[in-house]
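Q: The sequence and its predicted three-dimensional model are supplied below.
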Amino acid sequence: MRNTGLDLLRLVAILLVLGRHLLPGYEDNPFLSVWRTGGWVGVDLFFVLSGFLVSGLLFEEYKKRGSLDLKRFLIRRGFKIYPPLFLLIVVTVIVTWLQGRPIRIRQTISELLMMQNYTGALWNHTWSLAVEWHFYLLLAAALFLLLRKCPRPQQALAYIPLIFLACAVFCFAARLLASLFIGTVGPQHFKWLYFGSHIRLDSLMFGVLLAYLWHFHGLKAKIAKVPTILLLVAGAALFIPAFLFEVETHKPMSVAGYTLLYVASGFLVLAAVRLESGSGKWLMLLAAVGGASYSIYLWHMAVNRWLWPWLSDGFSLSLGVHYPLYMFVFIAGSIALGFWLNRLVEKPSLRLREALFPRAKVSATAAG
């Protein structure tokens with residue numbers, strides 16, 4: 001059973017990302033400018049959510065079975081990430097060929113090998129998938145080594161706070177060094193300041209830490225008396241600097257800012273997870289859209305790159321004059337296309353995963 005609150009938080013995250021990728025034309029509108037400036041925090045919110053949910057599945061597996069099957073864990077993650085991504089890559093290559101443009105072989109291989117955040121990409125947003133995949137591999141490797149050392153899985157899991165601390169210090173130091181040694185920021189520096197796994201893994205690991213405390217140290221009970229609105233306000237307040245300062249030009253934001261953002265995301269996750277289920281047509285519709293956020297995220301840039309240019313050329317639409325129409329096409333088109341492909345590709349892939357590699361039944365908190 002899915003958690004309604006976390007699906008709604010996914011919706012917030014994807015809407016933030018959509019704002020980040022608006023085409024130029026928003027500059028004279030203060031709301032759109034702020035949305036564009038800080039919309040990138042949606043990815044950080046996704047990172048903490050992913051760490052919380054995915055590790056929660058591992059912890060539930062341990063509590064149900066008394067063991068951890070890390071190979072199966074990675075296979076199941078692959079079923080979630082790869083089929084929708086492969087479809088995007090295949091369609092990208094076909095459209096590139098039909099347009100008579102050269103197919104970028106190196107970037108295509110990078111996407112398929114999940115190295116696009118270091119060695120080049122076909123799309124400027126799939127870097128986050130590489131970060132997540134690298135994190136899953138490293139988390140599985142760390143737990144594998146700890147399980148060889150510790151006779152009981154729970155002893156291995158007890159090292160998670162220490163792993164988080166080491167990861168947080170390493171990533172912060174990597175960001176600080178990059179900030180000190182890089183002068184004028186250019187596209188070639190993105191992997192060192194924004195996209196690199198070595199500077200972003202702490203966000204995912206913070207989600208794992210929260211899940212560990214939730215499942216094994218009674219975090220849910222310990223914060224039960226904290227009002228949900230206080231958690232929401234705290235999280236939203238910590239996000240404010242990202243909407244005031246451009247991450248590309250404000251180096252403190254690209255160093256300490258990421259730490260601030262995963263703490264902010266943690267507050268929001270702890271608030272949202274309380275809404276385990278909901279009722280009402282509109283609430284459930286919004287939650288369903290949030291549940292399709294992965295496919296929406298994958299395809300929203302294709303709407304920007306292919307659908308809007310096709311419409312603007314075919315109907316002689318000017319981006320400046322018709323910007324409200326562009327926004328409708330971009331946002332509604334991204335949501336509609338992503339929602340449809342979630343049903344067409346993502347959900348069948350997950351059903352196949354459950355048939356081939358089923359998991360133990362888990363609670364609604366860990367579902368995702």
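A: Yes, it's here.
Q: CA only for contacts and neighbour counts going forward, please
A: Fine.
Q: Would you check how far apart Pro102 and Asp313 are?
A: Between Pro102 and Asp313 the computed distance is 22 Å (C-alpha to C-alpha, to the nearest Å).
Q: low pLDDT regions in the chain?
A: By pLDDT under 70, the weakly predicted segments of the chain are 1, 183-190, 360-368.
Q: In which helix or strand does the residue nearest to the spatial centre of it reside?
A: With distances taken as C-alpha atoms, centre = their mean, the residue of the chain nearest its centroid is Phe46 (3.2 Å). Taking DSSP states H and E as the definition, one finds Phe46 inside helix 41-65.
Q: Show me what the very next helix or strand once past that helix is packed up against.
A: Once the chain leaves helix 41-65, the next helix or strand it forms, by DSSP H and E, is helix 70-98. Of the remaining helices and strands, those touching helix 70-98 by 3 or more C-alpha pairs under 8 Å, 6 or more residues apart in numbering; DSSP states H and E are helix 105-112, helix 127-149, helix 293-302, helix 347-356.
Q: on that earlier part again, which one is the residue nearest to the centre of the chain nearest to, not counting chain neighbours?
A: For Phe46, ignoring the flanking residues on the chain, the nearest one in space by C-alpha to C-alpha, 6 or more residues apart in numbering is Ala13 at 6.5 Å.
Q: Run through the residues that contact the one you found.
A: Listed by C-alpha atoms under 8 Å, 6 or more residues apart in numbering, the contact set of Ala13 reads 41-43, 45-46.
Q: could you measure the most far-flung residue of the chain relative to its centre against Trp310, distance?
A: Here the chain reaches farthest from its C-alpha mean at Ser316, the gap being 35.6 Å by C-alpha atoms, centre = their mean. Noted for Ser316: a distance of 10 Å to Trp310, by C-alpha to C-alpha.
Q: how about the helices in the stretch 151-300 of the chain?
A: Assignment of helices within the stretch 151-300 of the chain using DSSP state H, counting those that start in this stretch yields the ranges 153-157, 160-181, 190, 197-216, 219-222, 228-244, 251-272, 281-291, 293-302.
Q: Just the CA coordinates for the last one, please, in PDB.
A: What follows is helix 293-302 as a C-alpha-only set of coordinates in PDB (Å, rounded to 0.1, in the frame of the first residue of the first chain):
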ATOM      1  CA  SER A 293       6.800  11.400 -10.600                       C
ATOM      2  CA  TYR A 294       9.700   9.300 -11.900                       C
ATOM      3  CA  SER A 295       8.200   9.000 -15.400                       C
ATOM      4  CA  ILE A 296       7.200  12.700 -15.400                       C
ATOM      5  CA  TYR A 297      10.800  13.600 -14.400                       C
ATOM      6  CA  LEU A 298      12.200  11.500 -17.200                       C
ATOM      7  CA  TRP A 299      10.100  12.900 -19.900                       C
ATOM      8  CA  HIS A 300       9.600  16.600 -19.000                       C
ATOM      9  CA  MET A 301      12.700  17.700 -20.800                       C
ATOM     10  CA  ALA A 302      11.500  15.900 -24.000                       C
END
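Q: quick one: contacts of that helix?
A: For helix 293-302, the surrounding residues in contact (C-alpha under 8 Å, 6+ apart) are 10-11, 14, 17-18, 21, 84-85, 88, 123, 125-126, 330-331, 333-335, 337-339, 341-342, 346.
Q: repeat that with 6 Å
A: Counting by C-alpha atoms under 6 Å, 6 or more residues apart in numbering, the neighbours of helix 293-302 from elsewhere in the structure are 334-335, 338, 342.
Q: Same check on stretch 29-40?
A: Outside stretch 29-40, the residues that touch it by C-alpha under 6 Å, 6+ apart are 16-17, 19-20, 26-27, 242-243, 246.
Q: please redo it, this time with the cut-off set to 7 Å
A: Stretch 29-40 is touched from outside by 16-17, 19-22, 26-27, 242-243, 246, with contacts defined as C-alpha atoms under 7 Å, 6 or more residues apart in numbering.
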